[in-house]
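[1] pasting the sequence and the predicted model now:
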Amino acid sequence: MGMIFILDQFESHPGDGEALHAFCHERYVPGAIARGMTLVHSLVSPPLWLDDGANRLFFLWSLADAEAFWAKNNLGRRDPDVHELWAELDCRVASRRRDTMADQTCFDVLARG
């Protein structure tokens, strides 16, 4: 079985990139780690805080395997704090996107969930 990767991308409102970054590291990252995700990278584009423009924040996560992926999903679905966090993030971002990626050799195991 192979590793699963999740790439979360958040676009800040103009001038709010640094505050969004702080919020994510205070509220979002600890909960994700508690659900078994490993933070591989936290990146910001462009690489400076914009006063009048939007920053994009990227969080690349890894999970050991499909079992860890489904365990994370099950924990998140049952946790009211997770639902509250995503609702709060939706108010703080201009847009958000999540991509889940794996080597194609993992597809069968992931599909069985």
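    Yes, it's here.
[2] what residues sit buried inside stretch 67-83?
    For stretch 67-83, a neighbour-count test (16 or more other C-beta atoms under 10 Å) marks 68-70, 72, 76, 82 as buried. Every residue, glycine included, has its C-beta placed from N, CA and C.
[3] okay if I get those as a markdown table plus secondary structure and pLDDT?
    Formatted as a markdown table, the buried residues of stretch 67-83 follow (DSSP: H, G, I helix; E, B strand; the rest coil; pLDDT from 0 to 100):
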| residue | secondary structure | pLDDT |
| --- | --- | --- |
| Ala68 | helix | 87 |
| Phe69 | helix | 86 |
| Trp70 | helix | 85 |
| Lys72 | helix | 81 |
| Gly76 | helix | 72 |
| Val82 | helix | 81 |
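[4] where does the prediction get shaky in this structure?
    1, 106-113 (pLDDT under 70).
[5] if you set the cut-off to 80 instead, what comes out?
    1, 73-79, 103-113 (pLDDT under 80).
[6] so what's Glu11 up against?
    Taking C-beta atoms under 8 Å, 6 or more residues apart in numbering as the criterion, Glu11 is in contact with 54-57, 93-96.
[7] now with 7 Å?
    Contact analysis of Glu11 by C-beta atoms under 7 Å, 6 or more residues apart in numbering lists 54, 56, 93-95.
[8] output those residues as a markdown table; include the columns secondary structure and distance to Met101.
    Putting the contacts of Glu11 into a markdown table (DSSP: H, G, I helix; E, B strand; the rest coil; distance: C-beta to C-beta, whole Å) gives the following:
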| residue | secondary structure | distance to Met101 |
| --- | --- | --- |
| Ala54 | coil | 24 |
| Arg56 | strand | 18 |
| Val93 | strand | 21 |
| Ala94 | strand | 23 |
| Ser95 | strand | 19 |
